[in-house]
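can you look at this prediction? I've put the sequence above it.
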Amino acid sequence: MKKNDVTDPIRAPVLALDLGSKRVGVAVSDSLSISINRLDAIQRTNWKQLLHDVEQLALRFDAKTLVIGLPLKLNGSSGDAALATRETASKFARSLKLPVYLQDERLSSAEAEGNLRAAGVRAEDIGKQIDSEAAALILRDFLASDQERLLVSPHLSD
């Protein structure tokens, strides 16, 4: 992983993922990075299927960049989930012809649930939408960020 200078332009559309153990939330920006659309979550089975599903979405939306939520602990440290996400992000960086970035996603699920409740989504439907709402928040934060962005290297040694 390496820091990317903020002045490097992010190419859009940007596809965002919120990696979960059962579902992967998905959101995409428009070509100007103005609007963000939540997409249906992907059921997570195995790496090969996940890669295929993400490749198809990238083609469908002509995505130029992939951003993946990094589930850091509240104190900013990495736990098992963050390490697994970094490994998956590295696999995407090696497999896709897109730059892959990580975006801090602390508290995104709580904010996503609050947003859905505020929008009047029924409690029984929140579970189906929360992952992609979290992906939309990850994407929003990534696009609005004026911090250094964490670019995932496709090389194992970086």
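Now that the structure is in, tell me what you want to look at. These numbers come from a predicted model, not from an experiment.

need the pLDDT of the residue lying closest to L19 once chain neighbours are set aside.
What sits nearest to L19 in space, not counting adjacent residues and going by C-beta to C-beta, 6 or more residues apart in numbering, is T85, at 5.6 Å. Every C-beta, even on glycine, is put in place using the N, C-alpha and C of the backbone. According to the prediction, T85 has pLDDT 95.

element containing T85, please.
helix 80-95 (DSSP states H and E).

likewise F142?
Counting by DSSP H and E, F142 is found in helix 123-144.

what average pLDDT does the helix or strand just after that helix get?
Moving toward the C-terminus from helix 123-144, the next helix or strand (DSSP H and E) is strand 149-152. Taken as a whole, strand 149-152 has a mean pLDDT of 88.

what's near enough to touch N115?
By C-beta atoms under 8 Å, 6 or more residues apart in numbering, the contact set of N115 is E133, L137.

now it: which helix or strand?
Taking DSSP H and E as the criterion, N115 maps to helix 108-118.

from the chain's centre, how far out does that helix sit?
Here the centre of helix 108-118 is set off from its chain's centre by 16 Å, with C-alpha atoms, centre = their mean, to the nearest Å.

how about that helix: buried residues?
S108, S109, E111, A112, E113, N115, L116 (16 or more other C-beta atoms under 10 Å).
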